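Enquirer: what follows is a protein structure lacking sequence information:
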């Protein structure tokens, strides 16, 4: 999801593709327009899995774009979501794939496992990446099968495609279009790329995911830790690298120039006592006042119940706006707010209709509000990934009845 692109002329597309592959500056007269090449692996050196993923992506050429298509419980072509705010007013009637759903499905077909689920932004942050590249490096380091991303920063990534070589990619660009071959530099905000397999076919050793209370993050430098998010007395150090944190809390500002963060993350440092706080300023992948793990999931608040509370099943969902909370599924007296973002819910009930034009939902989800009491209800209308009268979590699992 989050696939929005900008169209350019065929001449501009051709010139940018030439620049990407040759490094030759273009001046004076205009070059003749070049049609996109046939889809296929355009250069050597990539892992066998990556070459196969390119072949599978090429097999999807002509598949309709559909906003949120390909984000079911298993990879594959699905109906999308009608979302006029994102230029997709009719996509709930279109079976297809969006940008992240397309690369997810291609790799699934290639390796037989769902290795790169999620939105474009969370895919870029994937801890499966064996290599990571940025705009400053150009396209020279890229190999077929690498995933290329677009956005002004890591937190603004809105599009992903699959590199095939020689400056070209396979992409599902936007509503009304189809999966096709385009020049990587045909969009003006190329941000970077990730590689999922080393050329020898090996994959990274992932941090252990067995503890649901821990969120894994990359830190850009050795970071001082403190006993509280307001303390100025240093108690130890969290070393640069991949580390775990438990939760976040708002605290004093850490700033350098225009870079700023007020979030503090509870962790066990490498040097010093356990249960200390480190500033989210040191997170490698995110921007000002952001606190997310390497998968792009917002780190939970320290005041909320941990995900592993015994006997309680939580289902994680993305909400596209701040949602009003109510004491019941039929009440009209607002009790608080569930903030936009990734949230947990417990179960669903049928209740009063929430409608906006042709978008509606009768399901209500029991949750703990960000502002207001626990055990309240919000409408499933606010779920980012699903359509009318659907109530599923981010994995496509139907949320159980209360």
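Expert: Right, received. Where do you want to start? Just so it is clear, the model here is predicted, and its values are computed rather than measured.
Enquirer: so which residues of the stretch 251-400 of the chain form strands?
Expert: Remark: strands assigned in the stretch 251-400 of the chain by DSSP state E, counting those that start in this stretch are 259-267, 276-279, 315-319, 323-326, 334-338, 341-345, 347-356, 359-367, 376-379.
Enquirer: now the stretch 51-200 of the chain
Expert: In the stretch 51-200 of the chain, the strands defined using DSSP E, counting those that start in this stretch lie at 78-79, 95-96, 131-134, 147-150, 159-165, 168-171, 180-183, 190-195.
Enquirer: kindly present these as CSV, with separate columns for mean pLDDT, mean neighbour count and distance to residue 360.
Expert: All C-beta atoms are positioned from the backbone trio N, CA, C, and that covers glycine. Written out in CSV, the entries for those read as follows (pLDDT from 0 to 100; neighbours: other Cβ atoms under 10 Å; distance: least, Cβ to Cβ, whole Å):
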stretch, mean pLDDT, mean neighbour count, distance to residue 360
strand 78-79, 94, 19, 16
strand 95-96, 96, 20, 21
strand 131-134, 89, 16, 41
strand 147-150, 96, 26, 32
strand 159-165, 97, 28, 29
strand 168-171, 97, 28, 32
strand 180-183, 96, 21, 33
strand 190-195, 94, 22, 36
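Enquirer: which of the strands of the stretch 251-400 of the chain sits closest to residue 395?
Expert: strand 315-319 (8.1 Å; Cβ to Cβ).
Enquirer: follow-up on the earlier one: CSV for the strands of the stretch 51-200 of the chain, including distance to residue 317?
Expert: As requested, these are exported to CSV (distance: least, Cβ to Cβ, whole Å):
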stretch, distance to residue 317
strand 78-79, 17
strand 95-96, 23
strand 131-134, 28
strand 147-150, 24
strand 159-165, 22
strand 168-171, 27
strand 180-183, 32
strand 190-195, 25
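Enquirer: of all the strands of the stretch 251-400 of the chain, which one is nearest residue 99?
Expert: Of all the strands of the stretch 251-400 of the chain, the one in closest proximity to residue 99, counting by Cβ to Cβ, is strand 315-319 (16.3 Å).
Enquirer: out of the strands of the stretch 251-400 of the chain, which comes closest to residue 101?
Expert: With respect to residue 101, and counting by Cβ to Cβ, the nearest of the strands of the stretch 251-400 of the chain is strand 315-319 at 14.5 Å.
Enquirer: quick check, pLDDT for the spatially most central residue of the chain.
Expert: Here the mean C-alpha position of the chain is nearest to the C-alpha of residue 122 (Cα atoms, centre = their mean), at a distance of 2.4 Å. According to the prediction, residue 122 has pLDDT 81.
Enquirer: could I get the contacting residues of the nearest residue to it once chain neighbours are set aside?
Expert: In space, and not counting its chain neighbours, residue 122 is closest to residue 296: 3.3 Å by Cβ to Cβ, 6 or more residues apart in numbering. Taking Cβ atoms under 8 Å, 6 or more residues apart in numbering, we find residue 296 in contact with 118-119, 121-122, 124-125.
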